[in-house]
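**Student:** Curious how this folds, go ahead:
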Amino acid sequence: MRQYINATRLVTKIKMLRSGKTSKGFMLVEGITDHRLYSKFIDQNGCEIVIADSKSNVIQCIEGCNRERMKGILGIVDADFWRLEQHVHNDENLFLTDFHDLECMLINSPAYENILTEYANRNKYLRFEERKKKSLKHILLENGAKIGYLRWYSLQYNIGLKFSNLDFSRFVNLGELEIDTLRLIDEVLIHSKKQGKLNAKKILEDIENFIKKQQSLWEVCCGHDLIELLTIGLVSIFGEYNAKNLFSGNLEGSFRLAYQHDYFLKTKLYQNLNEWQKLNNKYLIFNDEKIKNVI
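**Tutor:** As a prediction, this is how the structure comes out:
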């Protein structure tokens with residue numbers, strides 16, 4: 001009920017913001033970090049970003065605007081596990097991130113190399129990759145997927161595991177950047193106050209069966225988890241002096257700063273939004289002249 005009330009209030013808020021500005025477009029996003037990134041790319045004279053505070057609020061607000069036939073309102077949400085679950089939505093005003101979430105889009109872009117240039121010691125980083133016989137990005141994805149599959153498992157079986165504010169040092173080998181999956185499960189069960197209520201070894205067996213299905217790791221991994229792991233790597237293994245006091249919130253902010261306009265133009269999300277703008281040409285989301293200058 002609370003989410004419904006919030007979505008209803010959002011529709012009312014948009015009506016108030018649009019008062020006297022019928023050609024104003026509105027972009028609903030999940031949270032403040034989405035606002036910080038997308039505000040770099042939109043035409044802020046023609047479009048205003050509204051923070052909805054959750055994915056469900058974005059979806060329900062778009063549905064409410066559709067019912068009231070309000071034009072020029074679109075929403076962007078994280079795909080999360082929708083593609084893996086083959087979830088189909090037919091709302092022409094709702095758009096998904098290219099991968100699991102916004103942070104995965106940042107990591108799977110040239111911004112990643114910019115971050116390594118800023119914070120990683122190149123020699124240490126290359127030695128680490130040589131020793132592991134894998135690229136750093138692949139190591140991040142392989143290990144981030146262990147948490148991602150556990151997140152997905154919790155959702156599929158509705159067991160209510162909690163992942164916010166996990167202490168990664170309790171299940172990550174700080175010298176190898178490897179996650180011990182059983183220790184991860186134990187820590188999440190303790191964190192969720194479900195120790196003794198669920199069987200960690202049974203969950204591990206189920207997770208390993210998930211992993212065998214070889215899903216796209218960019219859809220499985222939560223970008224926040226990948227950034228937590230990269231932060232550990234930079235602080236403990238291959239970082240320069242300026243990485244010693246990094247924490248994940250800093251690093252996410254650095255990724256947003258490093259993510260440039262031309263990276264965004266190459267995403268499916270931008271292409272879909274641009275098609276929406278062509279169909280709703282009364283509303284200006286992107287400034288064509290600004291885009292031409294970037295290209």
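**Student:** Next, the distance between the ends of stretch 66-85.
**Tutor:** 25 Å (Cα to Cα, to the nearest Å).
**Student:** quick one: furthest residue from the center of the protein?
**Tutor:** The outermost residue of the chain, judged by C-alpha distance from the chain's mean C-alpha position using Cα atoms, centre = their mean, is residue 20 at 34.5 Å.
**Student:** what secondary structure does that one sit in?
**Tutor:** coil (DSSP: H, G, I helix; E, B strand; the rest coil).
**Student:** and the gap between it and residue 46?
**Tutor:** To residue 46, residue 20 is 15 Å away according to Cβ to Cβ, to the nearest Å. C-beta coordinates here come from the backbone N, C-alpha and C atoms, glycine included.
**Student:** re earlier: pLDDT at the residue farthest from the centre of the chain, what is it?
**Tutor:** Residue 20 carries a pLDDT value of 76.
**Student:** list the contacts for it?
**Tutor:** By Cβ atoms under 8 Å, 6 or more residues apart in numbering, no residues touch residue 20.
**Student:** Check residue 197 and give its pLDDT.
**Tutor:** Reported pLDDT for residue 197: 86.
**Student:** give me every residue that touches it.
**Tutor:** Per Cβ under 8 Å, 6+ apart, neighbours of residue 197: residue 189.
**Student:** Check residue 146 too.
**Tutor:** Contacts of residue 146 (Cβ under 8 Å, 6+ apart): 179, 181, 184, 207, 211.
**Student:** which stretch of helix or strand covers it?
**Tutor:** Taking DSSP states H and E as the criterion, residue 146 maps to helix 136-156.
**Student:** The helix or strand just after that helix packs against which elements?
**Tutor:** Downstream of helix 136-156, the first helix or strand assigned by DSSP H and E is strand 172-173. Packing partners of strand 172-173 (3 or more Cβ pairs under 8 Å, 6 or more residues apart in numbering; DSSP states H and E): strand 178-179.
**Student:** what's in contact with the strand it packs on?
**Tutor:** Against strand 178-179 from outside (Cβ under 8 Å, 6+ apart): 139, 143, 146, 147, 171, 172, 173, 229.
**Student:** what do you get for stretch 57-76?
**Tutor:** Counting by Cβ under 8 Å, 6+ apart, 3-4, 6-8, 10-11, 14-15, 18, 23-30, 34, 38, 52, 77, 91, 93-97, 269, 273, 276, 280, 282-283, 285 sit against stretch 57-76.
**Student:** give me that answer again for 6 Å
**Tutor:** With contacts defined as Cβ atoms under 6 Å, 6 or more residues apart in numbering, stretch 57-76 is touched by 6-7, 10-11, 25-30, 52, 77, 93-95, 280, 283.
**Student:** Ok, stretch 259-269 next?
**Tutor:** 41, 98, 106, 109, 110, 111, 270, 294.
**Student:** Any chance of a markdown table for those, columns pLDDT and distance to residue 258?
**Tutor:** Shown next, in a markdown table, are the contacts of stretch 259-269 (pLDDT from 0 to 100; distance: Cβ to Cβ, whole Å):
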| residue | pLDDT | distance to residue 258 |
| --- | --- | --- |
| 41 | 94 | 14 |
| 98 | 97 | 17 |
| 106 | 98 | 8 |
| 109 | 98 | 9 |
| 110 | 98 | 8 |
| 111 | 98 | 4 |
| 270 | 97 | 17 |
| 294 | 45 | 16 |
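**Student:** Tell me the buried residues within those.
**Tutor:** Neighbour counting by 16 or more other Cβ atoms under 10 Å classes 41, 98, 106, 109, 111, 270 among the contacts of stretch 259-269 as buried.
**Student:** Next one: the closest residue to the first one other than its chain neighbours from residue 16, what distance?
**Tutor:** Ranked by Cβ to Cβ, 6 or more residues apart in numbering and with sequence neighbours excluded, the top spatial neighbour of residue 41 is residue 264, at 5.3 Å. For residue 264, the distance to residue 16 equals 30 Å [Cβ to Cβ].
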